[in-house]
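Trainee: this one's structure only:
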């Protein structure tokens, strides 16, 4: 007999298999020997009340052993000699596009401007240790994209766009923990992602595809109104031409690509985004707040997450990319930039928890913000939001002329005070006490301060000087949308060009970028038919 149960359990029952088995045996009056196996199907934490409970769906195997596989594996074909397509970028959008092309019998040629994911680690470490930013190998550029050195969060609201379950299964097939198939808020962990990404690359290579690192695409090859390939420069300085339809999955920091598109009259448009800071609390404090207990998470619960959102003066203020038990990292992709982001290892066991705390910025807001910037932005230019990002990042860099980041205690920011001291932080390049309430444009700083007060009312103890704001968080999404046709997913004018993923303005995170990569691959394959 195989029977499914939906239960509300205490944490010690939901996260301890022997306790779960004991609960099922007792509740159903079974002999313990009859229960041959238990499989967790779904698990979510409900911390809305004083007593934290866990909602689970479990499958019990009574008098028979589990026989079905944990997940359905995908059969990738060998595509030697098949028609070819170019995939620009080896982030989640590009990798999933390449894997889907193989499923559909198309040979992918993946071009990545950065290094392989293992070599990237040295360059990422150099930013933290020596404050040296390699413009082609950093937290944004290289195999795995920006997601390779993140929490690896796989939660998405983009369930109507594609098959989320399939994306999770692909990750599992390439080495991810099968817990991502169970947890409502699944994550991979920055320590696990490199191995998973390498396995994806090996699948592409084993099936006859190509992956070229340190191969920077410098121009699209456009004949008439059709994209027929790209030109790229290798690490040795050699220029190579690649022919085929193009999936352009560059990620949200490829500013040189946006500039090339604009200068060559390829239709793009400015896209609204959000900007602000990284907010870092002691992880134990967030655990106590979220789990309503002086003991925090205790033995069984995971490090606590939070999510806040409100409207202030007509714009959204919200938490973004929350990293429980994580670290704040320097995410600049070039000189004279200070950009911060967050990441967590799979165990989420850092002493700190952080999230982006950002304010919605729309294109029409820029004209009013330029007064405090000391420069004028052409708000009619489709690159105007990118230029605003650049100004924010350079202004943060000017405070120290290094990767040392400007920072301020949370309550001091709200009260407009400079912090005399700063608490310990996970941000390793170092911090400088700075008046972020003055350095950020007033429409952002003012809304952030009001938002923090609101969040402090919603969650007692959240607004505290134990929390630290680190600036600036600017790359929440792409500042540009590469305009494409909603049906074919090709560029609105140029055939054979498939703008893809977060960098094209059509995704926001690992799973949604992966889904978009699969959709672009499907449309490209269909066009070849």
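Mentor: Received, thanks. Since the structure is predicted, the reported quantities are computational estimates derived from the model, not experimental observations. Residues are numbered from 1 along each chain as shown.
Trainee: got the contact list for residue 307?
Mentor: 318-319, 322 (C-beta atoms under 8 Å, 6 or more residues apart in numbering). Every residue, glycine included, has its C-beta placed from N, CA and C.
Trainee: neighbour-wise, which of these leads?
Mentor: Highest neighbour count within the contacts of residue 307: residue 322, with 23 neighbours (other C-beta atoms under 10 Å).
Trainee: Give me the secondary structure label for residue 443.
Mentor: helix (DSSP: H, G, I helix; E, B strand; the rest coil).
Trainee: That one against residue 370, yeah?
Mentor: No: contact criterion C-beta atoms under 8 Å: residue 443 and residue 370 do not qualify, at 11.1 Å.
Trainee: hang on, the earlier thing: ok, the contacts of residue 307 vs residue 175, which is closest?
Mentor: Nearest to residue 175 among the contacts of residue 307 is residue 322, at 24.6 Å by C-beta to C-beta.
Trainee: Would you agree that closest one is in contact with residue 308?
Mentor: No: contact criterion C-beta under 8 Å: residue 322 and residue 308 do not qualify, at 9.2 Å.
Trainee: Give the buried residues for the helix or strand bottoming out on mean pLDDT in the chain.
Mentor: The helix or strand with the lowest mean pLDDT-type score in the chain, counting by mean pLDDT, DSSP states H and E, is helix 366-369 (a mean of 83). By 16 or more other C-beta atoms under 10 Å, the buried positions in helix 366-369 come out as 366, 369.
Trainee: Who are the packing partners of the helix or strand following that helix?
Mentor: Once helix 366-369 ends, the next helix or strand along the chain (criterion: DSSP states H and E) is helix 384-398. Here helix 384-398 touches helix 255-263, strand 268-270, strand 273-282, helix 366-369, strand 468-473, going by 3 or more C-beta pairs under 8 Å, 6 or more residues apart in numbering; DSSP states H and E.
Trainee: comparing those, which gets the lowest mean pLDDT score?
Mentor: Least confidently modelled of the helices and strands packed on helix 384-398 is helix 366-369, at a mean of 83 by mean pLDDT.
Trainee: Now flag whichever of the contacts of residue 307 is closest to residue 460.
Mentor: Closest to residue 460, out of all of the contacts of residue 307 and judged by C-beta to C-beta, is residue 319, at 16.7 Å.
Trainee: and the closest one, what are its phi and psi?
Mentor: phi -80, psi 150 (degrees, to the nearest 10).
Trainee: wouldn't it be in contact with residue 356 here?
Mentor: Yes: proximity of residue 319 to residue 356 meets the contact threshold set by C-beta under 8 Å, at 6.8 Å.
Trainee: who touches both of these two?
Mentor: residue 279.
Trainee: measure the closest residue to residue 62 other than its chain neighbours to residue 63 for me?
Mentor: Spatially, and ignoring its direct neighbours in sequence, residue 62 is nearest to residue 1 (4.4 Å; C-beta to C-beta, 6 or more residues apart in numbering). Remark: distance between residue 1 and residue 63 (C-beta to C-beta, to the nearest Å) = 6 Å.
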